[in-house]
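K.L.:
Got a predicted structure plus its sequence, pasted below:
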Amino acid sequence: MPEITQTVRLMTLLILQSAIFISALRRDGNVFSWGSGSYGQIGKGFFTEALAPTQAVNGESASSTAYLRNIVKISAGAYHNIALSDDSSVYAWGRNANGQLGNNTITTNDSIDNANNYNANSPKRVLISYDGENMQNLDGIVNVNAGVNSSMAVGRDGYLYSWGSGANNTTGVGSTANSLTAKYTKRGESFYSDDATDRIGWITSATIGDMGTSVVRYDGSVYSWGKNSTYNVGDFSSVERTEPVQTGLREDRREAIGVATLYTDGVATEVYNDDVNAANYNPLPQRLLYQRINILK
């Protein structure tokens, strides 16, 4: 058992627990997983469980013994893993029922005996098409995050890339359809003069969940999108958002959403009514006014 002994001896940098498996990033850039491997999420080239930490191989290599190395960040979804290499490339493996691996395929049947099954049992590069036709590897990435059935990456250029399930609008690409490769997240409400294209930019950090996604921009502003049935967008509404909107109350831009109600400890307080504040409505942001956000404990 030399591999297991070595894993214990070298300090682990990051460990993640998903629904049915655990993954760890070692300080030397190697990735280990254990637990259920029914969708290939162990990354060793099989669809069975791993009873002890097992090192992920490089699915892009012709050699079955070439390990995935030089990884600086990992993130685990419900049944898939994504990893960021020190050369800014992105790898993904595991279940692919919604295109969350970003390799331009999708699982048609979770059975490992099905010839059309596209779950990946070893790490493969995430792809992107800039012209809608030709595929190339996604590069220039500085951070990655895995959602339940979707994934995202922040580019060195400050743009956000998303792929996988669009069922709850977590990808922010303006559609609820699955995205099989990385796509730019739409600009949405982020109307800044430095946004030259229809995509949200200047992103410094991002997080993605099952029902929604939130990002922080360089100026400290927060934008969110998603299902919003549980108010996870934070825009004083329960309106489903397919593209980014600014989280929190922006004083200089009153949206006509009727009466906005803030719930604190189960007590409803009317924040504003658009009829009363109609004179304050300004469709273009002039200056961002920040207010304190109280965190419920």
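P.N.:
Looks like it came in fine.

K.L.:
and the closest residue to G43 other than its chain neighbours, what is it in contact with?
P.N.:
The shortest distance from G43 to any non-neighbouring residue, by Cβ to Cβ, 6 or more residues apart in numbering, is to A56 (3.3 Å). Placement of C-beta: from N, CA and C, glycine included. By Cβ atoms under 8 Å, 6 or more residues apart in numbering, the contact list for A56 reads 30-33, 42-44, 67-68, 81, 83, 93, 122-123.

K.L.:
low-confidence ranges in the stretch 151-297 of the chain?
P.N.:
Along the stretch 151-297 of the chain, the model assigns pLDDT under 70 to residues 190-196, 249-297.

K.L.:
and if we set it to 50?
P.N.:
By pLDDT under 50, the low-scoring segments of the stretch 151-297 of the chain are 193-194, 250-297.

K.L.:
sorry, back to before: filter the contacts of A56 down to just the ones in strands.
P.N.:
31-33, 81, 83, 93, 122-123 (DSSP state E).

K.L.:
so, if you compare these, which one comes nearest to K73?
P.N.:
Of all the ones in strands among the contacts of A56, the one sitting nearest K73 is A83; the distance, using Cβ to Cβ, is 7.0 Å.

K.L.:
In contact with the nearest residue to Y118 once chain neighbours are set aside, which residues?
P.N.:
Ranked by Cβ to Cβ, 6+ apart and with sequence neighbours excluded, the top spatial neighbour of Y118 is T105, at 3.9 Å. Applying Cβ under 8 Å, 6+ apart to T105 gives the contacts 96, 99, 118, 180.

K.L.:
mind checking which helix or strand T105 is in?
P.N.:
Using DSSP states H and E, T105 is not contained in any helix or strand.

K.L.:
any idea how far K124 is from it?
P.N.:
With distances taken as Cβ to Cβ, to the nearest Å, T105 is found 9 Å from K124.

K.L.:
Please identify every residue contacting each of the two.
P.N.:
Between them, T105 and K124 share no contacting residue, judged by Cβ under 8 Å, 6+ apart.

K.L.:
Output the ones in strands among the contacts of A56 in CSV; the columns should cover distance to E133, pLDDT and neighbour count.
P.N.:
Formatted as CSV, these follow (distance: Cβ to Cβ, whole Å; pLDDT from 0 to 100; neighbours: other Cβ atoms under 10 Å):
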residue, distance to E133, pLDDT, neighbour count
V31, 32, 96, 26
F32, 38, 96, 25
S33, 35, 96, 26
N81, 28, 96, 31
A83, 27, 97, 27
W93, 26, 96, 30
S122, 27, 94, 21
P123, 25, 96, 28
